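**Student:** Structure, please.
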Amino acid sequence: AQNKVGGSGVVAMTYVKNSAPDGYTIGYLPCELAMVKAQGLTEEIEPSAFDMIYGCNIQPAAITVRADSEWDTIEDLVNWCKEHPGELQVGTSGTGSVWHIAGDAFAQAADIDVNMVPFDGAATAVTNLMGGHVQMVPVSESEVASGVASGELKILAVCSSERSEFNPDVPTLQELGYDVDVTAWGGFGVPKDTPDEVKEVLCAAFEKAVNSEEFKELAASKQYSPMVKDHEEFAAFAQEQYEFYTDYFANAQ
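**Tutor:** Numbers count the residues shown, from 1 in each chain. Next up, the predicted model:
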């Protein structure tokens, strides 16, 4: 296994795309697959540049505040923001990151004016929330889990179409009337034109792995949900996400 960092995943995904289509180079394709082209980071990387193998995980953004804040519901937060336009400090995992997009999409849907404060990663954003330097973060449940467990943080809503299994009492933004569905997700793919017989072997292997009890236990321990999508379902999902982010960034200009 190799970890190639840089460019919101562009370096690694480009390496996979340009590798021999023989089944020996398999790439982890994160949600950035659907957004880096629209962000102008690359002209080459989009879902259609790969042959999908299997989806494997998904995490919604969780709108999180300090437990001692004055907001107990999303309505409380939105009403406060309308009375104090531009004052809410929202810590994100970096400009253009999926969690930044989640915060921005929420602000647009709620028609509120907030101040987005980018940090170098979600962990730093959460640390600044704990320290009171920002007042809200839109990050994954796993990244705020220890703060929620200790009673220092509370999640007001999750940005997915269904409630989370890890925080089932927390409503979705869609339930509350805000059409926001922003999640971090990932799966595996291979270079385009990999032979069908090779892909069949890989698809069967990943199907077994993603559906295994061991993977389900690992996912639960890390607070992310398995995303059980075969190659056709994963390809269609990634393409839908690509179209969403293409529209999102076009309108954000």
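**Student:** what ranges of the chain fall below the confidence cut-off?
**Tutor:** Confidence mapping of the chain against pLDDT under 70 gives the ranges 1-7, 253.
**Student:** Kindly list the longest helix within it.
**Tutor:** helix 231-252 (DSSP state H).
**Student:** starting at the chain centroid, how far to that one?
**Tutor:** Averaging C-alpha positions (CA atoms, centre = their mean, to the nearest Å) puts helix 231-252 13 Å from its chain's average.
**Student:** Next: stretch 56-65.
**Tutor:** 7 Å.
**Student:** Would you mark the buried spots in it?
**Tutor:** For stretch 56-65, burial by neighbour count (16 or more other CB atoms under 10 Å) applies to Cys56, Asn57, Ile58, Gln59, Pro60, Ala61, Ala62, Ile63, Thr64, Val65. The way it works is simple: take the backbone N, C-alpha and C, and place the C-beta from them, glycine included.
**Student:** likewise stretch 87-106?
**Tutor:** For stretch 87-106, using 16+ other CB under 10 Å, the buried residues are 88-94, 96-106.
**Student:** end-to-end on stretch 30-49?
**Tutor:** 14 Å (CA to CA, to the nearest Å).
**Student:** what packs against the helix or strand Val10 falls within?
**Tutor:** Val10 belongs to helix 10-17 when elements are defined using DSSP states H and E. Helices and strands touching helix 10-17, by 3 or more CB pairs under 8 Å, 6 or more residues apart in numbering; DSSP states H and E, are strand 27-30, strand 50-66, strand 183-191.
**Student:** Val139 is nearest to which of those strands?
**Tutor:** strand 50-66 (6.5 Å; CB to CB).
**Student:** Now the phi/psi pair for the residue nearest to Glu87 when sequence neighbours are not counted, please.
**Tutor:** For Glu87, ignoring the flanking residues on the chain, the nearest one in space by CB to CB, 6 or more residues apart in numbering is Asn115 at 7.2 Å. Dihedral angles of Asn115 (phi, psi; degrees, to the nearest 10) stand at phi -110, psi 110.
**Student:** Which residues are in contact with Asn115?
**Tutor:** Gly86, Glu87, Leu88, Gln89, Val90 (CB atoms under 8 Å, 6 or more residues apart in numbering).
**Student:** how close does Gly103 sit to Glu141?
**Tutor:** Separation of Gly103 from Glu141 (CB to CB, to the nearest Å): 15 Å.
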